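Asks: Need the 3D shape of this:
(one chain, ligands or ions: 1)
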Amino acid sequence: MERSFFDDHVPTRFAAKCAYLQMTMGSHRLGQGLINICRHVVRDGSECVGPFLDDTETTCGLWEPRPDAAKTAAREQAR
Ligand code: SF4
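Replies: Numbers count the residues shown, from 1 in each chain. Sure, this is the predicted structure:
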């Protein structure tokens, strides 16, 4: 059986690409902007540990890739 590009691909562990991340708007009255909430069963409702910086991977052991992460990685490789 022929192997594809995706068989060996290990996704980069960016917090912004986590399957459990939910971005939502905080309270305007409290001066909150965008809030990154974790929906993993272990951390449900807590803020994501991040970081949300370019080229910096998360150290979160619960991280899993979003279903569309492989497509995004393929687009980045094609550049
Ligand atoms: S805390 Fe971990 S599991 Fe939760 S959204 Fe952030 S990276 Fe994902």
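
Asks: Near the ligand, which residues of this protein are found?
Replies: Within the chain, the positions near the ligand by C-beta under 6 Å from any ligand atom are 15, 18, 20-21, 38, 40, 43, 48-49, 58, 60, 62-63. Where you see a C-beta, it was placed from the backbone N, CA and C, and this is true even at glycine.

Asks: can we see that at 5 Å?
Replies: 15, 18, 20-21, 38, 40, 48-49, 58, 60, 62-63 (C-beta under 5 Å from any ligand atom).

Asks: now these in a markdown table, with secondary structure and pLDDT?
Replies: Output for the residues of the chain next to the ligand, formatted as a markdown table (DSSP: H, G, I helix; E, B strand; the rest coil; pLDDT from 0 to 100):
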| residue | secondary structure | pLDDT |
| --- | --- | --- |
| A15 | helix | 96 |
| C18 | strand | 97 |
| Y20 | coil | 97 |
| L21 | strand | 97 |
| C38 | strand | 98 |
| H40 | coil | 97 |
| C48 | coil | 97 |
| V49 | coil | 97 |
| T58 | coil | 96 |
| C60 | coil | 97 |
| L62 | coil | 97 |
| W63 | coil | 97 |
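
Asks: Could I get those residues in JSON lines, plus columns for neighbour count?
Replies: Listed next are these as JSON lines, based on neighbours: other C-beta atoms under 10 Å:
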{"residue": "A15", "neighbour count": "21"}
{"residue": "C18", "neighbour count": "24"}
{"residue": "Y20", "neighbour count": "19"}
{"residue": "L21", "neighbour count": "20"}
{"residue": "C38", "neighbour count": "21"}
{"residue": "H40", "neighbour count": "17"}
{"residue": "C48", "neighbour count": "24"}
{"residue": "V49", "neighbour count": "16"}
{"residue": "T58", "neighbour count": "21"}
{"residue": "C60", "neighbour count": "18"}
{"residue": "L62", "neighbour count": "15"}
{"residue": "W63", "neighbour count": "21"}
